[in-house]
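Participant: From the sequence below, what's the structure:
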Amino acid sequence: MKFVGRETELQNLHEMLQENNQVVIAAIAGMGGLGKTELALQYAMAHRETYKGGICWLLPKAGDVGIQIVQFARTHLDLNSPQYLDGDLPSQVKYCWQHWREGDVLVVLDDLNDYSKVETYLLPQLPRFKVLITTRLQLDLPQSFTLNVLGESSSVELLQAWVGEKVTQESAAAKKLCECLGYLPLALNLVGRYIKKRRISLTEMVQRLDAKGKALNHQALTLDEKDRTCTLNVKRGVIAAFELSWEKLSNDAKELGVLLSLFALAPIPWTLVESVETGKDAEQLEDSRVELESLHLLQGEDNYHLHQLIREFFQLKQAEFNQVEELKRSLCRVMVGIAKSISHPQSITHNTITAVNPALQHLEEAAKALKDLSNDDDLIWLFTGLGRFYEGQGFYEQAETWYKLCIEVADRPSSFAALYKASSRNNLASLYTFQGYYSQAEEQYKEALEINRHLLGEEHPDTITTLSNLAYLYKAQKFYEKAKPIYKRALELRICLLGETHIDVATSLNNLAALYSEEGNYWDAELLCTRSIEICQINIKICQINENFLKLTFSLNTLANIYCGQHRYSEAEQKYQQVVAWRKTLLGEDHHQVAISLDQLAYLYRIQYRYKEAEILCVKALEIFEQRLGVNNPDTVMCRENLAYLRDRLPPNPE
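Facilitator: Sure, this is the predicted structure:
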């Protein structure tokens with residue numbers, strides 16, 4: 001976008017942010033299309049050296065600002081808040097501010113439309129933090145200023161940057177054209193580009209604007225009695241610019257514009273666009289994209305974005321396309337596919353987060369905006385995927401919201417999603433279990449079990465899974481006599497239903513073996529665990545998938561626990577080390593299952609009085625537990641207690 005005529009605003013903005021040795025929150029206010037974002041961007045680029053602590057660019061309309069701050073800190077500053085703050089997003093944000101990289105910091109909240117939703121996150125109390133807001137709101141901030149439209153001379157200068165000497169040759173028409181466009185930078189850029197591409201005169205352009213004035217039902221251009229910068233000419237100019245650009249597009253490019261308007265107001269990965277079934281091949285889509293770019297309607301590279309006004313304009317144009325409903329359904333299918341790829345929350349690694357983040361806001365858009373077109377099955381998957389993604393990062397409040405929406409959809413009368421009534425409750429119960437909310441988890445599991453028995457029967461795999469989950473909940477609370485018969489029943493049902501060598505039978509055998517091991521019944525535990533390992537190895541020979549290898553590591557880990565309980569320390573150490581290595585390879589260095597193995601290996605060293613070796617492993621395990629599961633998770637608490645025990649027995653550090 002061409003940028004002229006804002007030198008004074010840039011200087012004033014810098015003085016405003018730097019003049020006081022205190023925290024400054026400044027706002028650039030004004031109507032849409034005035035170039036508020038561009039002014040903030042130009043200021044950030046011009047003063048990169050001033051803000052050595054970094055420039056954090058946030059998009060309030062694209063999602064929760066608090067989550068954006070935490071994710072920015074994680075991604076760009078390698079800053080992770082302690083897991084005891086999980087579920088308390090304002091405290092996580094405050095922690096990020098307090099531990100931010102040294103140097104002055106510029107925080108930009110771009111296109112803010114509700115100050116109350118971000119006010120709680122603007123907590124940095126050091127003068128090195130400078131907050132810059134762009135908004136259409138009239139914020140009551142002493143450092144605020146309203147960005148007006150360009151003056152006539154600046155508007156003409158902007159137009160000249162596109163069309164060159166035509167401005168001198170047709171000076172009266174140039175001034176008239178600027179007036180017709182309301183001196184709005186966005187409109188001037190679009191129309192200037194149109195003139196250049198079409199090689200028409202400025203006089204002809206004025207005539208076309210006069211003939212094409214239409215009303216555009218857009219909130220950003222709605223006149224406000226208190227906003228003295230809004231004029232009819234401004235509104236008319238933007239309408240004319242958009243309409244003229246639209247008319248120049250081929251039908252394929254128009255269809256692409258409509259498709260892009262279905263995505264969220266966030267960067268759109270081009271790979272996502274290509275995934276939507278449009279009936280066009282990759283080259284045709286590319287041609288359409290080039291058309292949109294040539295008229296300045298689309299910007300970016302690999303990840304593309306629509307200006308808010310252009311996106312809304314394309315949304316109004318959806319009514320002109322008979323195939324728009326099918327585009328919506330196709331986009332929803334793509335989003336459902338992504339949601340299905342998000343596995344169990346505790347299997348989410350940094351690579352998962354990196355892969356899903358570019359599509360996250362579009363997943364939420366599909367879940368919210370396209371819900372009327374999505375069938376219940378699709379909605380369940382969208383909600384489940386989002387819940388898993390947030391749960392895996394410790395954003396429990398957000399995860400709970402999506403899981404509860406799953407239950408709402410599954411509970412609809414006459415809904416064919418009725419079969420999800422149990423699974424949606426299982427998800428919520430799992431979330432509660434990992435948070436240590438055992439009574440809530442038990443309630444959800446029992447409801448799920450009742451539903452499964454009623455709809456699917458006692459011997460259905462989903463019913464058996466729910467039984468096993470309920471038994472795990474009891475075992476986690478050391479209610480062994482309640483857990484044991486449930487585990488035995490699940491094992492019997494799986495053998496009867498699936499056969500003696502199915503991988504799920506191995507899981508049930510290992511579950512029961514782990515319970516026996518905790519009770520001290522090592523003889524029966526070892527017999528069951530050995531059989532579980534044999535079944536896992538049989539399945540690995542048949543299919544070498546990660547799931548089979550992971551289930552083998554659970555059985556090997558249980559066997560190591562059994563050896564440890566029997567004082568067979570050398571054998572136990574070998575098994576623990578094997579499990580740690582495999583889990584790091586399969587799940588990543590910072591997975592909570594890796595932490596469990598590290599903690600158990602640390603315990604083995606501890607009972608052999610190898611305290612220093614144990615401490616090293618325990619510190620790493622606790623770090624992972626707190627990061628992935630939170631400070632109140634039972635595994636985290638136990639690991640913390642283990643570390644305290646070790647440190648009480650370590651000799652003091654020499655001074």
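Participant: And the host helix or strand of G257, what's buried?
Facilitator: When secondary structure is defined by DSSP states H and E, G257 falls within helix 251-260. Of the residues in helix 251-260, 252-260 count as buried by neighbour count, 16 or more other C-beta atoms under 10 Å. Any C-beta I mention is one placed from the backbone N, CA and C, and that applies to glycine too.
Participant: got the contact list for T120?
Facilitator: The neighbourhood of T120, defined by C-beta atoms under 8 Å, 6 or more residues apart in numbering, consists of 66, 90.
Participant: what about the closest residue to L650 other than its chain neighbours, distance to L646?
Facilitator: Once its chain neighbours are removed from consideration, L650 has its nearest residue in Y611; the separation is 5.2 Å (C-beta to C-beta, 6 or more residues apart in numbering). The span separating Y611 from L646 equals 5 Å under the rule C-beta to C-beta, to the nearest Å.
Participant: Please identify which of the two sits among more neighbours.
Facilitator: Residue environment comparison for Y611 versus L646 gives the larger neighbour count to L646, 22 against 19, counting by other C-beta atoms under 10 Å.
Participant: separation between the more buried one and L629?
Facilitator: Note on L646: its distance to L629, by C-beta to C-beta, is 20 Å.
Participant: What of A476?
Facilitator: If you measure A476 against L629 using C-beta to C-beta, the figure is 12 Å.
Participant: okay, now E152: neighbour count?
Facilitator: For E152, which is what you asked about, the neighbour count (other C-beta under 10 Å) is 14.
Participant: Pull out the buried residues from the helix or strand hosting L604.
Facilitator: In this structure, L604 is located in helix 592-607 according to DSSP H and E. Of the residues in helix 592-607, those buried under the neighbour-count criterion (16+ other C-beta under 10 Å) are 592-606.
Participant: And for stretch 440-458?
Facilitator: Taking 16+ other C-beta under 10 Å as the neighbour-count basis, stretch 440-458 is seen to contain the buried residues 441-442, 444-445, 447-449, 451-453, 456.
Participant: and what of stretch 268-281?
Facilitator: By neighbour count with 16+ other C-beta under 10 Å, stretch 268-281 contains the buried residues 268-270, 272-273, 275-276, 278, 280.
Participant: Check stretch 290-299 too.
Facilitator: Of the residues in stretch 290-299, those buried by neighbour count under the rule 16+ other C-beta under 10 Å are 291-292, 294-298.
Participant: Same check on stretch 111-131?
Facilitator: Judged by neighbour count (16+ other C-beta under 10 Å), stretch 111-131 contains these buried residues: 111-112, 115, 118, 121-124, 128-131.
Participant: How about stretch 334-341?
Facilitator: Going by neighbour count (16+ other C-beta under 10 Å), the buried part of stretch 334-341 is 334-336, 338-339.
Participant: do stretch 609-626 as well
Facilitator: Buried residues in stretch 609-626, counted by 16+ other C-beta under 10 Å: 611, 614-615, 617-618, 620-626.
Participant: So for that stretch, mean pLDDT?
Facilitator: Per-residue confidence for stretch 609-626 averages out to 93 on the pLDDT scale.
Participant: CA atoms of that stretch as PDB?
Facilitator: Listed next in PDB are the C-alpha coordinates belonging to stretch 609-626 (Å, rounded to 0.1, in the frame of the first residue of the first chain):
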ATOM      1  CA  TYR A 609      20.900 -43.700  47.100                       C
ATOM      2  CA  ARG A 610      21.900 -42.200  43.800                       C
ATOM      3  CA  TYR A 611      20.500 -38.900  44.800                       C
ATOM      4  CA  LYS A 612      22.300 -36.600  42.400                       C
ATOM      5  CA  GLU A 613      21.400 -38.600  39.300                       C
ATOM      6  CA  ALA A 614      17.800 -38.800  40.600                       C
ATOM      7  CA  GLU A 615      17.600 -35.000  41.200                       C
ATOM      8  CA  ILE A 616      18.700 -34.200  37.600                       C
ATOM      9  CA  LEU A 617      15.900 -36.500  36.200                       C
ATOM     10  CA  CYS A 618      13.300 -35.300  38.700                       C
ATOM     11  CA  VAL A 619      13.900 -31.600  37.900                       C
ATOM     12  CA  LYS A 620      13.400 -32.300  34.200                       C
ATOM     13  CA  ALA A 621      10.300 -34.400  34.900                       C
ATOM     14  CA  LEU A 622       8.800 -31.700  37.100                       C
ATOM     15  CA  GLU A 623       9.400 -29.000  34.400                       C
ATOM     16  CA  ILE A 624       7.500 -31.100  31.900                       C
ATOM     17  CA  PHE A 625       4.700 -32.000  34.200                       C
ATOM     18  CA  GLU A 626       4.100 -28.300  35.200                       C
END
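Participant: what does that stretch contact?
Facilitator: Residues beyond stretch 609-626 that count as contacts (C-beta under 8 Å, 6+ apart) turn out to be 82-84, 590-592, 594-596, 598-599, 601-606, 633, 635-636, 639-640, 642-643, 646-647, 649-650.
Participant: rerun at 7 Å
Facilitator: For stretch 609-626, the external contacting residues (C-beta atoms under 7 Å, 6 or more residues apart in numbering) are 82-84, 590, 592, 594-595, 598-599, 601-602, 605-606, 633, 635-636, 639-640, 642-643, 646-647, 649-650.
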